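> show me the folded form of this:
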Amino acid sequence: MTTQEPGGLERLALVGLPGSGKSTVGRQLARRLGLPFTDSDHVIEQRTGCSIRFFFEREGESAFRDVEQSVIEELMESARGVVPTGGGAIFRPANRDRPRPGRTVLDLPSAPQQAPTP
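Residues are numbered from 1 along each chain as shown. I've put the predicted structure just below:
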């Protein structure tokens, strides 16, 4: 599924389940289109000062999702570039349902055999 806004080819957001290839595809798209690449997971790790796994274990899912939502909101409003979101971001309605003016959203599907197992 793709939602495209005016000017959206210079402002791309990639969403999908964990393991769907958002970061890999995002890097390649950014390189081909000559756009900046900003991985939301890396921004979260910079902001929290630790790995996502450690923050998640220490602070819990709710605190992590709050940080994730804040980072995604900031990145979606920034200028040009390709931004892959975290795999669980789509499960929070504020991340999933919020309009992204001027940003094209690409939903990367994953087959059940490609999805990570719990």
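> ok, then the element right after the longest helix along the chain?
Counting by DSSP state H, the longest helix found in the chain is helix 61-77. Heading C-terminal from helix 61-77, the first helix or strand you meet, by DSSP states H and E, is strand 81-84.
> remind me what the helix or strand just after that next one packs against, helices and strands.
Counting by DSSP H and E, the next helix or strand C-terminal to strand 81-84 is helix 93-97. When contacts are defined as 3 or more Cβ pairs under 8 Å, 6 or more residues apart in numbering; DSSP states H and E, helix 93-97 sits against helix 61-77. Where C-beta positions appear, they are placed from N, C-alpha and C, glycine not excepted.
> for the helix it packs on, which positions count as buried?
By neighbour count on 16 or more other Cβ atoms under 10 Å, the buried set for helix 61-77 is Phe64, Arg65, Val67, Glu68, Gln69, Val71, Ile72, Leu75, Met76.
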